[in-house]
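Chemist: coords please:
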Amino acid sequence: KVNISLKELDASYGSKDGLKLVLLAIRDVAFIQKTNSLTIGEILLSKGAMAITREADGSLSPMTMLPAEPARGGASAGKQAAKPAPKASKTASPTEKELEYSLKKFNIDGFDLTLTDKAVEGHPRFKLAGINFLLEDLNGPRFTPARLDFSAIFGKRAKLGAKGTILPQPFNYKGDLRIGRLPIQDFGDYMPDNINLEILSGYLDTRLKLDMSLKDGKPSGSFSGSSGLRAFHCIDTTAEEDLLKWESLQLDDYRGSIDPVSISIRQIALNGFYSRIIVQKDGTLNLQNLVDKPAQGPGTRDQGLEKTTKKEQQQTAPTASRPPLVSSKSPTPGPQIKIGAVTIQGGTLSFTDNHLPQRFSTTFYNLGGRVSGLSSEETRFAEVDLLGNLENHSPLQITGKINPLRDDLFVDLKVSFKDIELSPTTPYTGTYLGYTVDKGKLFLDLKYHIENKALNSENKIFVDQFTFGNRVESEKATSLPVKLGLALLKDRKG
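Modeler: Residues are numbered from 1 along each chain as shown. From the prediction side, this is the model:
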């Protein structure tokens, strides 16, 4: 048996990258010629650090240590071309045995790795510290599952870990995956350029059990576990305003498969969330501007019309009669989805309208409730019970049944909104009716039923003590006698 060790290795490559290794040890190496087998007891990399950069052209900095390929072409190439082709090698003996190898242990102990990506704007830099990696019983060329154990610290304190068995070919991993407090904002440079969104914070926690395979480039397998995203905060970079944030979003006890696609989640819990909806001065919603629309060139419309015309000509051209094609394939079933419950607590929704001459703002507080029994099954309906308050005063309640996951949307909801103070709506009444609102309260009882793509609704609107105030000059105001119309609608009690 042979033992090889190398101490205090120090190598530089790229512009500023390098590898430092306190100890590289290869132990208990044995080769048996008769059986054409190689056995390695252990490969150990102990107490080291490595820096890798992906350059702007996509190449990796350690590749600079390899000799450059000779340039092709010119006189030298001609000389090489003039050489006679080498004789074909003799056919290997059918009794010659393929090399068998066995690695008992591959161990990385106390290693640090720094990754820099110059192919992305912002040149993000990631660090994995305290890497411990153990791979046991790797055999080939007829692979058997090898035991794997990995742990590391990402950034300052995010814990990463995996433990299970891995089969190199065909690939299969069966085991655990652990992620603790992974800061997703560190990956913001990978956000597509057309997304006007910036993630300021968010910490991912995940514990998974995986049985994943890859064959012929197609993934399959199953997964189960729980995940959470805490202290999430993102802003709209166009309006430079808060868009969405929450204290915690938790997915508990989920399990599913990739092929066929299915997922079952016991509970989704959203706590302490805040969302902001803004009507911009041009009348669009801030949500509409989160994704930039592709710019159309001057000839885009003409090209589109030309393509449409050609398509119409092809459709109207006479063709020989032929029997219609009937597909022998059965329709692919959609994803199977089940969610036991979705709970919401402590929600806040802010609404601002900057489209009016006078700005209007209002806020829903204490949004919460529960949606139970969501399913993609056609015959199952989820129970809805949601509550909230407008400006901490007017109660809102939504109850009923829904199934948004099936192919044909089903909704059967009742919406009750009571004691809404109307004087804050002056920016709207002044703009479109020409008067301020002195006082008044609104009560709504709404029913919506959607089934078989048909909507049936029943709306009861009650306005109490509604009184117009001063006149407001507005070009958009109606010329209709709104005060007279209001007087005709009122009863003796107002």
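
Chemist: Show me what the residue lying closest to residue 161 once chain neighbours are set aside is bridged to.
Modeler: Using C-beta to C-beta, 6 or more residues apart in numbering and skipping residues adjacent in sequence, the residue nearest residue 161 is residue 178, 4.0 Å away. The C-beta positions use only the backbone N, C-alpha and C, and glycine is treated the same way. Counting by DSSP bridges, residue 178 is bridged to residue 161, residue 207.

Chemist: Residue 178 is in contact with residue 210, isn't it?
Modeler: No. Contact criterion C-beta atoms under 8 Å: residue 178 and residue 210 do not qualify, at 11.2 Å.

Chemist: in the protein, which spans are helices?
Modeler: 74-82, 300-316, 426-432, 482-489 (DSSP state H).

Chemist: distance between the third one and the chain's centre?
Modeler: Relative to the chain's own centre, helix 426-432 is displaced by 40 Å; criterion: C-alpha atoms, centre = their mean, to the nearest Å.

Chemist: which parts of it are buried?
Modeler: Across helix 426-432, burial judged by 16 or more other C-beta atoms under 10 Å covers 426, 427, 429, 430, 431.

Chemist: Now it - C-alpha only, CSV.
Modeler: This file holds the C-alpha atoms of helix 426-432, laid out as CSV (Å, rounded to 0.1, in the frame of the first residue of the first chain):
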residue,chain,number,x,y,z
THR,A,426,-64.1,63.6,-1.0
PRO,A,427,-61.2,63.3,-3.5
TYR,A,428,-63.4,61.1,-5.6
THR,A,429,-66.7,62.9,-5.2
GLY,A,430,-65.0,66.3,-5.8
THR,A,431,-63.4,65.0,-9.0
TYR,A,432,-66.3,63.2,-10.6
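
Chemist: ok, residues contacting it?
Modeler: 353, 356-360, 435-437, 468-469, 472, 474, 476-478 (C-beta atoms under 8 Å, 6 or more residues apart in numbering).

Chemist: Just the buried ones from the residues you listed?
Modeler: Buried residues within the contacts of helix 426-432, counting neighbours by 16+ other C-beta under 10 Å: 353, 356, 360, 435, 436, 437, 468, 472, 474, 477.

Chemist: closest to residue 402 among those?
Modeler: Distance to residue 402, by C-beta to C-beta, is smallest for residue 353 among the buried ones among the contacts of helix 426-432, at 28.0 Å.

Chemist: ok, that closest one - contacts?
Modeler: Residue 353 is in contact with 278, 279, 359, 360, 361, 427, counting by C-beta under 8 Å, 6+ apart.

Chemist: Now render these as TSV, adding pLDDT and distance to residue 33.
Modeler: Below are the contacts of residue 353 laid out as TSV (pLDDT from 0 to 100; distance: C-beta to C-beta, whole Å):
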residue	pLDDT	distance to residue 33
278	90	76
279	89	80
359	87	86
360	89	87
361	91	84
427	90	90
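
Chemist: CSV for these, including distance to residue 221?
Modeler: Formatted as CSV, the contacts of residue 353 follow (distance: C-beta to C-beta, whole Å):
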residue, distance to residue 221
278, 43
279, 45
359, 53
360, 51
361, 49
427, 55
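
Chemist: Identify the residues contacting the nearest residue to residue 425 once chain neighbours are set aside.
Modeler: Closest residue to residue 425 apart from its sequence neighbours, by C-beta to C-beta, 6+ apart: residue 437 at 5.9 Å. Shown in contact with residue 437 (C-beta under 8 Å, 6+ apart): 422, 423, 425, 426, 429, 466, 467, 468, 469.

Chemist: excluding its backbone neighbours, what's nearest the second one?
Modeler: Translated: residue 423. Residue 423's closest residue in space is residue 437 (C-beta to C-beta, 6+ apart), at 4.9 Å.

Chemist: Tell me the predicted confidence for that neighbour.
Modeler: pLDDT for residue 437: 91.

Chemist: Residue 287 now?
Modeler: 86.

Chemist: and if you look at residue 78?
Modeler: Residue 78 carries a pLDDT score of 47 in this model.

Chemist: let's have the chain start at 35 instead
Modeler: Got it, the first residue is 35 from now on, which makes the last one we talked about residue 112.

Chemist: coming back round to it: for the buried ones among the contacts of helix 460-466, which two are the farthest from each other?
Modeler: So, the buried ones among the contacts of helix 460-466 by C-beta to C-beta: farthest apart are 387 and 502, at 20.4 Å.

Chemist: quick one: residue 185 and residue 211 touch, right?
Modeler: No. Using C-beta under 8 Å, residue 185 makes no contact with residue 211, being 11.6 Å away.

Chemist: Look up the residues that both of the two are in contact with.
Modeler: The overlap between the contact sets of residue 185 and residue 211 (C-beta under 8 Å, 6+ apart) consists of residue 195.

Chemist: Quick check on the two: which one has the bigger neighbour count.
Modeler: It is residue 211, of residue 185 and residue 211, that has more neighbours when counted by other C-beta atoms under 10 Å, with 19 against 15.

Chemist: and that one, how far is that from residue 461?
Modeler: 52 Å (C-beta to C-beta, to the nearest Å).

Chemist: Could you do residue 206 as well?
Modeler: Distance of residue 206 to residue 461, computed by C-beta to C-beta: 62 Å.

Chemist: And the strands in the stretch 35-184 of the chain?
Modeler: Using DSSP state E, counting those that start in this stretch, the strands of the stretch 35-184 of the chain run over 36-47, 51-66, 71-88, 134-151, 159-174, 180-188.
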